[in-house]
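**Student:** Could you look at this predicted model? Sequence included:
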Amino acid sequence: MGILFNLMEAWIIFTVVAAFSQNVRNGLQKSLNSVLSTAGAAYTRFAFGLPLALIYWLVLYYLSNIQLNWSWVFWSYVFVGGIAQVLAMVALLRSFSLRGFAVGTAYSKTETLQTAFFTIIILGENVSGQVLIAIIVSLFGVFLLSITKSFSGLRDILFSWMQHAALYGLASAGLLGLSSVLYRGAALSLNGEDALLPAASTLLVALLIQTTLMSFYLAYFEKGELFKVWESRRKAAVVGIASMLGSVGWFTAMTLQNAAYVRALGQVELIFTFLTSVLIFRERITKVEIGGAVLIFGGVLILLLE
């Protein structure tokens, strides 16, 4: 019987919770953009999520009797994955600063397709033809939602992949896909008896690496930004909580299931964003946006019927 008829599968629940939490985090983070730089606002996700991740890990560690295998595979995978995720953010910010903002945004959404590629290459895990179809259908839906934010058409998006903005978007997506696969590989290398503690361990180390890197970056390249982050600590703490919930969901889901499957289902985040703009902010929607949302939802259904 297909996954659709077994909706209590843990990885599905964790993924949907992660996507919803990420949507909430993005909304909360917008309030910080008026007082912090883009990098400073992104930094709050790491810095204020780290203490929560440590508490979460300690609780799981002392409640379980699981012995973890802290091998060089784990450390290398999570280290490269953590750096890749930070570089993905840098590449995405760079694409935003160039002409062709919508093009860069659209190509950054190829993360799911690239995750499938890295899954096969690095972990040797198969991705079925049905899942690839689901990913492609959702990808076209994402492209349709992206073009409504500019005057570009779908044809312009598809045939502008050599633009600098598109290349940075592709690089961002590739780095995010790489980090997802490496996080899964790191968690699986711990040889835990369940997913919670290995996922929490991977999350904790990744956040430690990212917080350290971003702290040095802000201290050196954006002097005074760390002080502004501290001044905004109340709002930043709320962002950290939402980010932590999302990260726990993503890391646990990717420990339980193929990262490409998780990222494909994670496209429901855009459905949440779409519904928020319609139901809460009462924004006008176009037929193109409706078509994009329908394609994303259709891709998710194809995935769940696999």
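**Tutor:** Right, received. Where do you want to start? Numbering: from 1, shown residues only.
**Student:** Which residue of the protein lies farthest from its centroid?
**Tutor:** Summary for the chain: using Cα atoms, centre = their mean, the residue whose C-alpha lies farthest from the chain's mean C-alpha position is N65, with a distance of 30.3 Å.
**Student:** Tell me how far it lies from L197.
**Tutor:** When distance is defined by Cβ to Cβ, to the nearest Å, N65 is 10 Å away from L197. Glycine gets a C-beta too; all of them are placed from N, C-alpha and C.
**Student:** returning to that earlier point: can you tell me the SS state at the residue farthest from the centre of the chain?
**Tutor:** Using DSSP: H, G, I helix; E, B strand; the rest coil, the structure places N65 in coil.
**Student:** Which pLDDT value does the model give it?
**Tutor:** N65 is assigned 80 on the pLDDT scale.
**Student:** could you measure it against L190, distance?
**Tutor:** Using Cβ to Cβ, one gets 14 Å for the distance from N65 to L190.
**Student:** How about Y61?
**Tutor:** When Cβ to Cβ is applied, the distance between Y61 and L190 equals 12 Å.
**Student:** List the contacts of the most centrally placed residue in the chain.
**Tutor:** For the chain, the residue whose C-alpha lies nearest the mean C-alpha position (Cα atoms, centre = their mean) is L176; its distance is 7.1 Å. Contacts for L176 were tallied using Cβ atoms under 8 Å, 6 or more residues apart in numbering; they are A84, Q85, A88, E111, Q114, T115.
**Student:** Just the element for it, please.
**Tutor:** Secondary structure assigned from DSSP states H and E places L176 in helix 164-189.
**Student:** avg pLDDT for whatever helix or strand comes next after that helix?
**Tutor:** Once the chain leaves helix 164-189, the next helix or strand it forms, by DSSP H and E, is helix 196-221. On average, the pLDDT along helix 196-221 is 95.
**Student:** Stretch 41-51 now?
**Tutor:** For stretch 41-51, the mean confidence score works out to 91.
**Student:** what do you get for stretch 133-142?
**Tutor:** The pLDDT scores in stretch 133-142 average 87.
**Student:** begin at 37 from here
**Tutor:** That works, and once the first residue is 37, the last one we named lands at stretch 169-178.
**Student:** What ranges does the stretch 87-236 of the chain have for its helices?
**Tutor:** The residue ranges that make up the helices of the stretch 87-236 of the chain, judged by DSSP state H, counting those that start in this stretch, are 108-133, 137-144, 147-154, 165-183, 190-194, 200-225, 232-257.
**Student:** Which element, helix or strand, includes V274?
**Tutor:** helix 269-292.
**Student:** buried stuff in that helix?
**Tutor:** Neighbour-count burial for helix 269-292, counted by 16 or more other Cβ atoms under 10 Å, picks out 271-272, 274-292.
**Student:** these two touch, right, G335 and G177?
**Tutor:** Yes: using Cβ atoms under 8 Å, G335 is in contact with G177, at 6.4 Å.
**Student:** Overlap in contacts, these two.
**Tutor:** Common neighbours of G335 and G177 (criterion: Cβ under 8 Å, 6+ apart): Q303.
**Student:** Just give me the neighbour total for the closest residue to L254 other than its chain neighbours.
**Tutor:** Counting by Cβ to Cβ, 6 or more residues apart in numbering, L254 lies nearest to E261, which is 4.6 Å off, once chain neighbours are set aside. Number of residues near E261 (other Cβ atoms under 10 Å) recorded here: 18.
**Student:** Check I326 too.
**Tutor:** As a burial measure, the neighbour count of I326 was computed by other Cβ under 10 Å and equals 14.
**Student:** residues contacting it?
**Tutor:** I326 is in contact with no residue at all, counting by Cβ under 8 Å, 6+ apart.
**Student:** List the buried residues in the helix holding L212.
**Tutor:** Neighbour-count burial for helix 200-225, with 16+ other Cβ under 10 Å as criterion, is recorded at 201-225.
**Student:** Repeat that for stretch 99-108.
**Tutor:** With burial defined by 16+ other Cβ under 10 Å, the residues of stretch 99-108 counted as buried are I102, L104.
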